[in-house]
Structure formats: C-alpha cells, structure tokens
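Asks: One predicted model, sequence on top.
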Amino acid sequence: MNEGDYVVPQHVAIIMDGNGRWAKKRKMPRTYGHVQGSKTVEKICEDAYKMGIRYLTVYAFSTENWKRPKDEVHTLMDLLRDYMKDCVKTSKKNNMRVRIIGDISKLDQDLQESIRTLEEASKENTGLNFQVALNYGGRDEILRAAKKLASECMRGEMTAGTLAQLDEPDFENYLDTRGIPAPELLIRTSGELRLSNYMLWQLAYAEFYFTDVLWPDFNKKELQKAIDYYNKRDRRFGGI
Ligand code: FPP
C-alpha cells in the first residue's frame, strides 16, 4: 500500500476469547460471560460495517469445545439457537447476509433447521457478510474438503486430467468459505497468542492482532485500534 493510504480490511476474522475470565472477575458463572459476549457480537457487526468492513467471521464454537462442561455447551448452543432465530429479523433490518462455517451436521436438528432458514432468508442481503464458525475446526474443514473432492473423483465426476490441473482457487471451492475472500486481519482477544485451529487455510497471509481486552469488553474503539495496527504493517505476500 502507498504511504498515506488508510486501508480498512475487507475481511476481518475474530477469535472471541476471554468470556469465562470476564465473568470470573465479576464472580459470575462462565456462562454469563458468553451471554455478554453474544451482545458484543451484535454491536461489533454494526460497528464493523459502518467502518467499511465487508466480511466478518467469528469463532463461536470449535470442534474441540464439546469437551467443555455440559452446562456450558448447553448455554452456548442455546445462545446460538436464539441468535439464529432472532437474526432472521435483525439481518433483514441491517441488510446483513449470514452464513455458518463448520460441520453443522453434528448439531441438533432444530438448530440445523434454524441455520438453513437464516442463511436462506438473508442470502440476497447486500450489507455485511457475517460468518459464524460453529462446530468449526480448520483441519476438519480441509479434511472435509479433501473428502468431497475424493468422492467426486470416485464417482467419476472429475477426470484425472482435471484433478492434475486443480489449483488453489479451485480447491477453495470445496472449503466452507467458498466465494468468501480470505481475511486480511485476524483479531484474538484476551491475551492468548494461538490460532486454535481457526481458518488455517484462509489465514495464510493475514496480519495477526492480539489484545489483552476480554471479548465482552471489546468495542468499536478496540476494533479501530486493530485496524490502525493493520495499517502499520507492510504486506508483502512473500515478495520483498
Ligand atoms: C471463548 O471464551 C469463547 C467461546 C468459546 C465462545 C464464543 C461465543 C460467544 C461470544 C457467544 C455466542 C456467539 C454468537 C455468534 C451469538 P472462553 O470461554 O474460552 O474464555 P476464557 O478463556 O476466559 O475461559
């Protein structure tokens, strides 16, 4: 980018960490942190769009999160259930398109149904593209993509020649994020410096921004700081 140009990333990915610690600091159950965290999600969607971000992807539930205590898993699923239902209206109001990435086939039937309804209801919306990673793991996504491709080959839907020619953009069509550009910026809250199996393929060239702020306290000002940081980076994509 040229010196002096201020660029807002087209796609921002977020690992919303620290809900449990935020609640603990207030002597409240961890689940209260998730409730507050989901309110932050709604505010950040509006702020991000107003700031010029076109795609926002948040990590709501990983393939590893099933190992958490049952009541916490239940609360998270209930929050997501409520979110999918309420969002049919809010997405219309905000002109937001919502898509879920991750293996939804492992979720309760009613939640799967709500997801399909919301995706269908919001698919023509032209404002913010909001992706929720749910039962999502980066390795799992790549493995499912490889299996899809292999089964097409086995069914004879792809010739050996086409397979040999298959390039990275072609392979991206098998990922959950097909049609969605790769994030330029990853934000992780709460001071942890890990990727935790998030968007492993898509984040290959992203800038990483880590903050000690706990997710329920994250706000427009913090998002602005992350974008300011992004603007100080010199993105070379392997060049010099
Ligand atoms: C990590 O914090 C957070 C999660 C595993 C869940 C994120 C979910 C939400 C913010 C709510 C629902 C989302 C939507 C899209 C409505 P943690 O519990 O691991 O925090 P800790 O590290 O302090 O324990």
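Replies: Happy to help now that I have it.

Asks: all helices for this protein, in order.
Replies: Residue ranges of the helices in the chain, as given by DSSP state H, are 19-25, 30-51, 70-94, 109-122, 138-154, 160-165, 168-172, 220-232.

Asks: what pLDDT, on average, does the second one get?
Replies: This points to helix 30-51. The pLDDT scores in helix 30-51 average 97.

Asks: give me the residue from the chain nearest the ligand.
Replies: Residue nearest to the ligand within the chain: residue 20 (2.6 Å; C-beta to the nearest ligand atom). Using the backbone N, CA and C atoms, a C-beta is placed for each residue, glycine as well.

Asks: Below-threshold pLDDT in this protein: ranges please.
Replies: Confidence mapping of the chain against pLDDT under 70 gives the ranges 1-4, 235.

Asks: Around the ligand, pick out the residues from it.
Replies: With C-beta under 6 Å from any ligand atom as the criterion, the chain meets the ligand at residues 16-21, 30, 34, 37-38, 41, 58, 60, 65, 76, 79-80, 83, 132, 190, 215.

Asks: how about a cut-off of 5 Å?
Replies: Residues of the chain lying near the ligand by C-beta under 5 Å from any ligand atom: 16-21, 34, 37-38, 41, 60, 79, 83, 132.

Asks: Pull up the distance across stretch 160-175, start to finish.
Replies: Length of stretch 160-175, first residue to last, C-alpha to C-alpha, to the nearest Å: 21 Å.

Asks: what comes up buried for it?
Replies: For stretch 160-175, burial by neighbour count (16 or more other C-beta atoms under 10 Å) applies to 172, 174-175.

Asks: Stretch 26-43 too?
Replies: Neighbour counts over stretch 26-43 (16+ other C-beta under 10 Å) mark 30-38, 40-41 as buried.

Asks: what does stretch 146-153 give?
Replies: Buried, per 16+ other C-beta under 10 Å, within stretch 146-153: residue 149.

Asks: contact partners of that stretch?
Replies: Stretch 146-153 is contacted by residues 158, 163, 166, 171, 174 when judged by C-beta atoms under 8 Å, 6 or more residues apart in numbering.
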